Every structure is written in structure tokens, then in C-alpha cells.
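Chemist: Got a predicted structure plus its sequence, pasted below:
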Amino acid sequence: VMTSKERVKTAFAHKQPDKVPMDFGGMGCSTTHVTNVAKLREYYGLEKRPVKVFDIFGMTGAMDEDLKEAIGTDVEQITPFNASFGLRTDRDWKEMTYMGVDLLVPAECQITDDGKGGWYIYPQGDTSVAPSGHMPAGGFYFDNVERPQPIDEDNMNFMDNCEEYCDVPQEHLDYLKKVAEEYRSGKSDKGRAVVFDPGGAALGDAAFIAGPSLKHPKGIRTVSDWYMAPILYPDYVHEVFTYQTDMMIKNWTKMYEILGDVVDIAYICGTDFGNQLSLMCSLDTFEEFYKPYYQKMNSWVHQTAGWNTLKHSCGAIFDVLPKLIESGFDSINPVQCSAAGMDPQRLKDTYGDQIVFWGGCVDTQKVLPFGTVQEVKDQVKQRCEIFSKNGGYICASIHIVQCNVPLENIVAMIDAIHEYNGDK
């Protein structure tokens, strides 16, 4: 019987592991809403305790060791030092209540009422500046608040879009030293594959364009303007990406010297290249503006750190997958099979020996939230059958499991993976 780490590494080698590796909560896009974490803890009969928020932007919950064990996940993640909206995870935490669930959030987190039943959240917890996030009344997560300043096209300075990409602070490195010590002492090492998101490598990721961690963001800070930037300001985009890539390698070198072989997989970037129906940029745009920088990042990771790399992109990305493979990515998530052209068998037949598919096990748009328990189980097992042949598959939901998904369907997803593996 393989350990979880061996199982995942075998899958990355495109060989058949003893069982299909499973990920639930092992990286930022395979987590679930805080309300679901609380329900799962109760379902498995675990101690009632406040749920620590993993990412307050998406209101996802961290999974404590007892829940990881109960679920049987093969993958876990190192909690990033930087949380959304410029908050930090290495300091004290405080309690808050949301949708009837007791939560723990970073102590400096400041949330105010928007006067309409919703909430505002502030960059670095500073209420003296404009809020950078907003949860509308009845909402389940925060949206970024765009706060663009007027752009002087005759005097554009690419560093305006690089303010958040700076030298890694010493306290960040000190935090990682504690993490490394806990793994190497055996305290944190439970035999799972470890994912690390060092940050700073997200080229044009919509989640960061608005500068939610900054008090006074400058530069191109709306999503619509940024998607037009390669056409309107090509030199500016290249300058931003060049600086960002060089800073990423500089910072990741310091982190690698601390973490080394503790990490198995580096999460590189969450920039989406697809929507429900099509690509969001042309293949030529990808070739010119993204591929050279991704190649440089992946080459550094492979040659220096020896980690596998993970790329996230939602949507209909079948046609850009060859370029993502050429860019050096080892795996792709979340494998949105509900998007146009993303048929599971076609994906596996075409690219299955060239890239690891991470996700794809159940449709989180329709089947998981609205299907029956049997429909969930049937789809999970069908996807395992297709994607896991000859390795190259990490079984996970298609992106984050949302709020209000029936608990019995979440449990059915988990159970179906174990049933497929012969564990139930």
C-alpha cells in the first residue's frame, strides 16, 4: 500500500498508483465554504470548534487534521503567510459569527456594515481608507471593490502595477521556518503530498488585478481594462510580467532554501484563460504575453526546487492546453468538464499523457448542488474511470464546493472516491 505522498507522486509520473489520489482541501481551489466545513465536522462526529477561515475572499474554511483524516485526503497545503485583503496568518486570530457558524479570522481583519445588510472589508484592516472588498446582503463571499485612479497614458509607470510584488519580508521567511521545522520534526508530516502557494506568480489573475491588499492601488486596476491592456499597452504588460517573474524567482529562491523537500507541488498561478463557452484571450496573445514568463517560472521550479507545478484555469481551455504544456506546467486544475469542449474522455485521450488533470470529478455547477446522491456517486466514479487510467489524475471537485450544497451530496462525493478505490 502506497502512502498518500507516494500515490500522488506516482500519478504525477503518469504511472498507475495503487489507488486514485484524492484531494479535498489540499489547495486553494479544492476547498469548501466555511459552512460546509462546520457541517462535515459534525457529520464525522468531530469536536465542535470554530472554523478557521482559509481564504476570507471566498469564505472557505481550513481543514484541521482530524477532518483531513476523516475525509481521507491525500493532499494538504501549507497555510499561506499572506491572506486575502492584505491580512496575515501568522498573528492572532479572533472570533466572528457568520451564517450561524463560529469562525476564526485574522485579528487585524476589519469588517463593517454597508448599510444594506452586506459587509465591507478593508485592506490590511485599515478602516481609514476605502474598502477593498464587499459582500452584498445574502452573499456567500466577498467581491473585490475596484478603486481605479485616472491613468495618464503619456506617463505610465509599470511599477504602479507591481506594488504588491516586492521582496519577501523577513517575518514571512520566519513563518516558513516554523512550518519547515514542524514538518521535519514529524509534528505536521502525516505522509500526505504537500502543496505550497508561495505567491507572487499570478500573471494578470483577476483576483489580484484590483489590488485588494493595497490601500491606494495605482496603475491598471479594473479587470476589463487589464484584459484590454495587451492590445492597448503591450510594452507595459511585458514590463509588469518581466518584473513580476524576476521578483518571483528571487523570492521563491529564499523560500526554497527554507522549505526544500518539504514541498511536493508548487501552485504557480490562478489566471483564468477560459469562460463557460470559450477562451478569454487568443492563442497568439497567450503565446506572446504569458508563455515566455510561465516557461521561465516552471524552468526555475523544476531545475532548482525539483517540485511539480500546478496551474489553475477555469473554463473552456481545451485549445490552450498544448501551450500550457509547452509552458512547463505539470498539472492543470480544476478541469471544468461542464465548459464547452471539455469532454472528459476527449481531454484524457488528447492530453492525458502530457499533463496531470487535477479536479474534474464532479460538476459543481449542477450535479453536486442539485443532483441526487446517486447521480453524484455515478459521475464521480465515471470520471475516476476515465481520468485515472495510467495515472496522471488527482481526483477533486471542479473548483470550490459552494455554500448550500447538500451535505449528503458532499459526503457522496467523498464516499464515491473511496468506493471506487475499494476502501468502502
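Modeler: Nice, I can see it. Numbers count the residues shown, from 1 in each chain.

Chemist: Which residue of the chain lies farthest from its centroid?
Modeler: In the chain, D154 marks the outermost C-alpha relative to the chain mean, sitting 36.4 Å out by C-alpha atoms, centre = their mean.

Chemist: looking at this, that residue is in a helix?
Modeler: Yes: secondary structure assignment (DSSP: H, G, I helix; E, B strand; the rest coil) places D154 inside a helix.

Chemist: So it versus Y233, what's the distance?
Modeler: As judged by C-beta to C-beta, to the nearest Å, D154 and Y233 stand 12 Å apart. In this view, the C-beta of every residue, glycine as well, is placed from N, C-alpha and C.

Chemist: hey, where'd the strands end up in the stretch 151-300 of the chain?
Modeler: 193-196, 265-269 (DSSP state E, counting those that start in this stretch).

Chemist: Would you mind giving those strands as CSV with distance to Q379 added?
Modeler: Formatted as CSV, the strands of the stretch 151-300 of the chain follow (distance: least, C-beta to C-beta, whole Å):
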stretch, distance to Q379
strand 193-196, 24
strand 265-269, 25
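
Chemist: any chance of those strands in TSV, with mean pLDDT too?
Modeler: Putting the strands of the stretch 151-300 of the chain into TSV (pLDDT from 0 to 100) gives the following:
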stretch	mean pLDDT
strand 193-196	98
strand 265-269	97
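
Chemist: okay, those in a markdown table with mean neighbour count and distance to D55 next?
Modeler: Output for the strands of the stretch 151-300 of the chain, formatted as a markdown table (neighbours: other C-beta atoms under 10 Å; distance: least, C-beta to C-beta, whole Å):
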| stretch | mean neighbour count | distance to D55 |
| --- | --- | --- |
| strand 193-196 | 24 | 14 |
| strand 265-269 | 25 | 13 |
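
Chemist: who wins for proximity to V335 among the ones you listed?
Modeler: Across the strands of the stretch 151-300 of the chain, V335 has its closest neighbour in strand 265-269 (15.2 Å, C-beta to C-beta).

Chemist: Flag the shaky bits of the stretch 101-250 of the chain, pLDDT-wise.
Modeler: The stretch 101-250 of the chain contains no residues with pLDDT under 70.

Chemist: could you pull out the helices for it?
Modeler: For the stretch 101-250 of the chain, applying DSSP state H, counting those that start in this stretch gives helices covering 170-184, 206-209, 223-232, 234-259.

Chemist: So G204 sits against F273, correct?
Modeler: No: look at G204 against F273 with C-beta atoms under 8 Å: they stay out of range, at 9.8 Å.

Chemist: one step back: do you know which of the strands of the stretch 151-300 of the chain lies nearest A38?
Modeler: Comparing the strands of the stretch 151-300 of the chain by C-beta to C-beta, strand 193-196 comes nearest, at 23.3 Å.

Chemist: Adjacent strands (with direction) for that closest one?
Modeler: Paired strands of strand 193-196, with direction, are strand 75-77 (parallel), strand 265-269 (parallel) (DSSP bridges).

Chemist: Identify the residues contacting it?
Modeler: Outside strand 193-196, the residues that touch it by C-beta atoms under 8 Å, 6 or more residues apart in numbering are 4-5, 7-9, 21, 26-27, 74-78, 183, 255, 259, 262-267, 307, 310.

Chemist: Likewise for stretch 382-393?
Modeler: Outside stretch 382-393, the residues touching it (C-beta under 8 Å, 6+ apart) are 10-17, 20-21, 335, 337, 344-345, 347-348, 352-353, 355-358, 360-362, 395, 416-417, 420.

Chemist: Which of those fall within helices?
Modeler: Among those, DSSP state H puts 10-12, 344-345, 347-348, 416-417, 420 in helices.
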